[in-house]
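Colleague: Everything below, folded, please.
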Amino acid sequence: MSTAEKYFSLLERLADGCLKYQLRSTGDTALDGALLCPACGVIHGRCHEAAYPLLCLARATGKEKYLDAAKRLFAWGENMVCEDGSVLNDGQSEWRGITVFSAVSMLHALMHHGALLSPSEKAQWEERLSRQLTWIKDNIDPDKRPFNINYICSGAAALALGAAYFGSPEMKSAAYRLSRYALARMDADGLIYGEGTPNDLVTPGGARPVDMGYLAEESLPSLYEYAVAAKDEEALRAAKRCARAVLAFMLPDGAWDNSFGTRNFKWTYWGSRTADGCQALFNALGKADPVFSEAALRNLGLYERCLDKYGLLAGGPDYAARGERACIHHSFCRMKVLAQVLDEGVCEAPGAALPTEGAAGSKRYASLGMRRLSAPVWLADITDGDFEYMKGGHASGGSLTLLFNRLWGPAVAAANTVYSLKEPHNQQLSRALSSHRTTCPDISVERNGQTYHQFFCFGAKSYLEADGTLGVRFVPADISHAPCPDEAEFHVEYRLTEKGMDISIGGGSAVFTLPVVCSGAEAEAAGHTAVLRRGGLMLTVIFSRPIASAQRIFCLSPGLEALELKCPIDGDLQVSLRCTEENH
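Modeller: Have a look, this model is predicted:
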């Protein structure tokens, strides 16, 4: 199957999956045409954006069902349009920043498939679009109110595309201003920060608000689209530099590493719950450098791995195995980027190795509050970032938030430490209350009936030994980052080699919790050892003390099942993780 066929096949499968849930024949314009989400039991207000990819399919296949569905979605979308032209995120959400995404989607639809609409229909689309662009021009302005950087970049793209479509110098000027705001927020590593407010905040630990899901799948693609539409060479160079930088966070299986992100409560392993994806950007860049087209394809393969039996994209690899339904939001967002790739011409460039394959060494990312350790077949993230997007947000304290093996895949993958509905309309809930919890490793202590955790500590101190061992000193803290009363200090050393990860823990009496990803694996734990087996591979975890408990758990973010191992520390503890083939 050619690359173009892969994109088209997935787009068609997702579209057919979504159309199973399109409401019809109720006789009520507040409902007819919308997509009903089987996971959340609601209509997600942005579903009308799927009109664009449905038009793409209508043109490619000649099938009336796609054209009819697109027109119904556009008509229903009027329910989300406010009197000033802005668009509501949902019927119960007053957030209107998403007007930028609606406008971009309509622009793509009109630019590529406007001929499918009658003159009167096209005029209706253009009228709604014009009002949206006017609102964006007047309101997406960081001088007027704070916005996460993804809205700044997406606003620039919408206005640049709109300026070209309508011939508006005012839109072009506003797009340029937003682009310069974004370009000014690129750090020394080439990463754009500002996924949190204040955008320019530097924490006591030196971190900035960065979320890899939003950066790789929304802010950067939008900045690139702005640069191309506006013919802005400076912005184009910056976008290409940032694209090269984010490749360091694509794992060999096509996943985005967002274990440290400010908004990783929306981490879906393959990306971020409500973003569009990296494919259009990487497909375009892949025409000059095949590493980008390879990255796009690997991420596409992960989408296919996460499709459920209804044809919808689930929020992680283990949703189906755990009986969790797929939120339809993922599918209608990803459909847009797949359509864009097909409309702009699919890159059939040969594959190339990703930067994370075969890497070795250590690198500190100051803005992320994270250090990456790399060995030829292993990757590890140690996170101590202290930008607080939400209480119980991403882990800190020098926690091991990612451990990846090229054969096994993720062995540890942690998002937020306390799962909560920070964005109720953009997240979902699990009914498995007793087993749904964080997959983040942790050292915890009990003091006066209160539990204090490593991953809540915002004052951890790390040091790198000459042999590559990373040491961390920390005091367990509560969710507000207040240290435990006696300020008992613990130290952890992480050593990553070709063989695996060795962890050494020292301090007082505590409990070490290590959730090990067990997707599709048989698992057993007895004495000092836990063994996970899958497809001829064996992941072994050996503790220097007996394991106190082992339980299968799951977290919606990033959508992975794990064997949660608990072991007492009692002054010291050594842990080793190894992955081998069973016949070796």
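Colleague: Going by C-alpha atoms from here, please, whenever you check contacts or count neighbours.
Modeller: Noted.
Colleague: burial measure for the closest residue to residue 364 other than its chain neighbours, as a count.
Modeller: Nearest non-adjacent residue to residue 364, counting by C-alpha to C-alpha, 6 or more residues apart in numbering: residue 371, 4.3 Å away. Applying other C-alpha atoms under 10 Å, we find 22 residues neighbouring residue 371.
Colleague: pLDDT averaged over stretch 74-92 - what is it?
Modeller: Confidence over stretch 74-92 (mean pLDDT, whole number) is 97.
Colleague: hmm, back to that, just to check, the residue nearest to residue 364 is in contact with residue 382?
Modeller: Yes - counting by C-alpha atoms under 8 Å, residue 371 sits close enough to residue 382 to count as a contact (5.3 Å).
Colleague: Now name the helix or strand holding the residue nearest to residue 364.
Modeller: For residue 371, the host element (DSSP states H and E) is strand 370-375.
Colleague: on contacts alone, who are the packing partners of that strand?
Modeller: When contacts are defined as 3 or more C-alpha pairs under 8 Å, 6 or more residues apart in numbering; DSSP states H and E, strand 370-375 sits against strand 361-365, strand 378-383, strand 490-496.
Colleague: now, of the ones you listed, which is deepest in the fold?
Modeller: Neighbour counts (mean count of other C-alpha atoms under 10 Å) averaged over each of the helices and strands packed on strand 370-375 peak at strand 378-383, with a mean of 27.
Colleague: and that strand, what other elements does it pack with?
Modeller: Counting by 3+ C-alpha pairs under 8 Å, 6+ apart, strand 378-383 packs on strand 370-375, strand 399-405.
Colleague: Let me have those in CSV, adding mean pLDDT and distance to residue 262 as columns.
Modeller: Listed next are those as CSV, based on pLDDT from 0 to 100; distance: least, C-alpha to C-alpha, whole Å:
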stretch, mean pLDDT, distance to residue 262
strand 370-375, 98, 12
strand 399-405, 98, 13
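Colleague: Looking at the ones you listed, spot the one closest to residue 565.
Modeller: strand 399-405 (14.5 Å; C-alpha to C-alpha).
Colleague: For that closest one, enumerate the helices and strands it packs against.
Modeller: Under the contact definition 3+ C-alpha pairs under 8 Å, 6+ apart, strand 399-405 sits against strand 378-383, strand 409-413.
Colleague: nearest to residue 331, of these?
Modeller: Smallest distance to residue 331 across those (C-alpha to C-alpha): 23.1 Å, for strand 409-413.
Colleague: Could you name the helices and strands sitting against the helix or strand that comes right after the closest one?
Modeller: Where DSSP H and E defines the elements, the next helix or strand beyond strand 409-413 is strand 442-447. Strand 442-447 sits against strand 450-453, strand 511-517, with contacts defined as 3+ C-alpha pairs under 8 Å, 6+ apart.
Colleague: Pick the most deeply packed of the ones you listed.
Modeller: Highest mean neighbour count among these (mean count of other C-alpha under 10 Å): strand 511-517, a mean of 24.
Colleague: avg pLDDT for it?
Modeller: 98.
Colleague: Next, format the helices and strands packed on strand 442-447 as JSON lines and append distance to residue 251.
Modeller: Conversion of the helices and strands packed on strand 442-447 to JSON lines gives the following (distance: least, C-alpha to C-alpha, whole Å):
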{"stretch": "strand 450-453", "distance to residue 251": "28"}
{"stretch": "strand 511-517", "distance to residue 251": "15"}
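Colleague: Out of those strands, which gets nearest to residue 415?
Modeller: Closest among the helices and strands packed on strand 442-447, using C-alpha to C-alpha: strand 511-517, at 12.2 Å.
Colleague: quick one: residue 293 and residue 347 touch, right?
Modeller: Yes - using C-alpha under 8 Å, residue 293 makes contact with residue 347 at a distance of 6.7 Å.
Colleague: Check the contact lists of those two and give me the overlap.
Modeller: Shared contacts of residue 293 and residue 347, defined by C-alpha atoms under 8 Å, 6 or more residues apart in numbering, are found at 283-284, 286-287.
Colleague: Among the residues you listed, which one lies nearest to residue 166?
Modeller: Relative to residue 166, the closest of the shared contacts of residue 293 and residue 347 is residue 284; by C-alpha to C-alpha it sits at 24.4 Å.
Colleague: most tightly surrounded among the helices and strands packed on strand 378-383?
Modeller: The most buried one of the helices and strands packed on strand 378-383 (mean count of other C-alpha under 10 Å) is strand 399-405, showing a mean of 25.
Colleague: the inter-axis angle of it versus strand 490-496?
Modeller: 20 degrees (axes from the mean of the first three to the mean of the last three C-alpha atoms, to 10 degrees).
Colleague: What pairs with strand 399-405, parallel or antiparallel?
Modeller: If you go by DSSP bridges, strand 399-405 pairs up with strand 378-383 (antiparallel), strand 409-413 (antiparallel).
Colleague: Now the last one: buried residues?
Modeller: Read it as strand 409-413. Buried residues in strand 409-413, counted by 16 or more other C-alpha atoms under 10 Å: 409-413.
Colleague: quick revisit: take the helices and strands packed on strand 378-383 and write them to CSV, including distance to residue 488.
Modeller: Listed next are the helices and strands packed on strand 378-383 as CSV, based on distance: least, C-alpha to C-alpha, whole Å:
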stretch, distance to residue 488
strand 370-375, 23
strand 399-405, 17
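Colleague: Now do the closest residue to residue 22 other than its chain neighbours against residue 21, distance only.
Modeller: Using C-alpha to C-alpha, 6+ apart and skipping residues adjacent in sequence, the residue nearest residue 22 is residue 35, 4.4 Å away. Applying C-alpha to C-alpha, to the nearest Å, the value for residue 35 to residue 21 is 5 Å.
Colleague: Any regions of the stretch 151-300 of the chain where pLDDT drops low?
Modeller: Scanning the stretch 151-300 of the chain for pLDDT under 70 picks out no residues.
Colleague: Please enumerate the helices of it.
Modeller: Ranges of helices within the stretch 151-300 of the chain are 169-183, 212-214, 220-230, 233-246, 279-286, 290-305, based on DSSP state H, counting those that start in this stretch.
Colleague: List the residues that contact residue 472.
Modeller: The contact partners of residue 472, by C-alpha under 8 Å, 6+ apart, come to 398, 460-463, 491-493.
Colleague: Assign it to helix, strand or coil.
Modeller: When classified by DSSP: H, G, I helix; E, B strand; the rest coil, residue 472 comes out as strand.
Colleague: can you offset everything so residue one is 4?
Modeller: Got it, first residue is 4 now, which makes that one residue 475.
Colleague: Next one: it from residue 512, what distance?
Modeller: 17 Å.
Colleague: and residue 432, how many neighbours?
Modeller: 16.
Colleague: so what's the backbone phi/psi at it?
Modeller: phi -110, psi 150 (degrees, to the nearest 10).
Colleague: check contacts around it.
Modeller: Neighbours of residue 432 in contact, by C-alpha under 8 Å, 6+ apart: 43, 559.
Colleague: Could you do residue 539 as well?
Modeller: Applying C-alpha under 8 Å, 6+ apart, the residues contacting residue 539 are 584-586.
Colleague: what about 6 Å?
Modeller: Applying C-alpha atoms under 6 Å, 6 or more residues apart in numbering to residue 539 gives the contacts 584-585.
Colleague: Quick check: pLDDT value at it.
Modeller: 95.
Colleague: For residue 425, find the nearest of the helices and strands packed on strand 381-386.
Modeller: Checking the helices and strands packed on strand 381-386 against residue 425 by C-alpha to C-alpha gives strand 402-408 as the closest, at 20.3 Å.
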